[in-house]
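[1] Sequence first, predicted model second:
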Amino acid sequence: MPTADDKQATRRHISIRSASGIFKLNKLLLWARKARGPFYDPSTRLYQVNKGSHMYFSGVNLENSSQ
């Protein structure tokens, strides 16, 4: 029968693994967003770019955009 220490160690291990998975998912999402570049939002009729990127303050050249 597992002891209280075993159960606590198991819970700790599970929480560490889930935090690691969340970190990897966030890293992947940031990489994909950066690789995608600006995208056109038809509801606002604006090109959306990442805040703090070089295009955020300089604007987006519409002729060279992906969409």
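    Done, it's in.

[2] switch to C-alpha atoms for all contacts and neighbour counts from now on
    Noted.

[3] residue nearest the centroid of this protein?
    Leu29 (3.2 Å; CA atoms, centre = their mean).

[4] Local confidence estimate at it?
    For Leu29, the pLDDT comes out at 87.

[5] what's the spacing between it and Ala9?
    Distance, Leu29 to Ala9, by CA to CA, to the nearest Å: 30 Å.

[6] now swap in Met55 and tell me
    Taken as CA to CA, the span from Met55 to Ala9 is 47 Å.

[7] Between these two, which has more neighbouring residues?
    More crowded of Met55 and Ala9, by other CA atoms under 10 Å: Met55, with 15 against 12.

[8] my guess is the more buried one is in a helix, correct?
    Yes. According to DSSP: H, G, I helix; E, B strand; the rest coil, the state of Met55 is that of a helix.

[9] give me every residue that touches it.
    By CA atoms under 8 Å, 6 or more residues apart in numbering, Met55 lies in contact with Val49.

[10] go again using 10 Å as the cut-off
    The contact partners of Met55, taken as CA atoms under 10 Å, 6 or more residues apart in numbering, are 37-38, 48-49, 61.

[11] Let me have these in JSON lines, extended by pLDDT.
    JSON lines is the format used below for those (pLDDT from 0 to 100):
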{"residue": "Gly37", "pLDDT": "78"}
{"residue": "Pro38", "pLDDT": "81"}
{"residue": "Gln48", "pLDDT": "82"}
{"residue": "Val49", "pLDDT": "80"}
{"residue": "Asn61", "pLDDT": "62"}
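
[12] Can you flag the buried ones in those?
    Among those, the ones that count as buried by 16 or more other CA atoms under 10 Å are 38, 49.

[13] okay if I get the contacts of Met55 as a markdown table plus distance to Asp5 and secondary structure?
    Output for the contacts of Met55, formatted as a markdown table (distance: CA to CA, whole Å; DSSP: H, G, I helix; E, B strand; the rest coil):
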| residue | distance to Asp5 | secondary structure |
| --- | --- | --- |
| Gly37 | 49 | coil |
| Pro38 | 50 | coil |
| Gln48 | 50 | strand |
| Val49 | 49 | coil |
| Asn61 | 60 | coil |
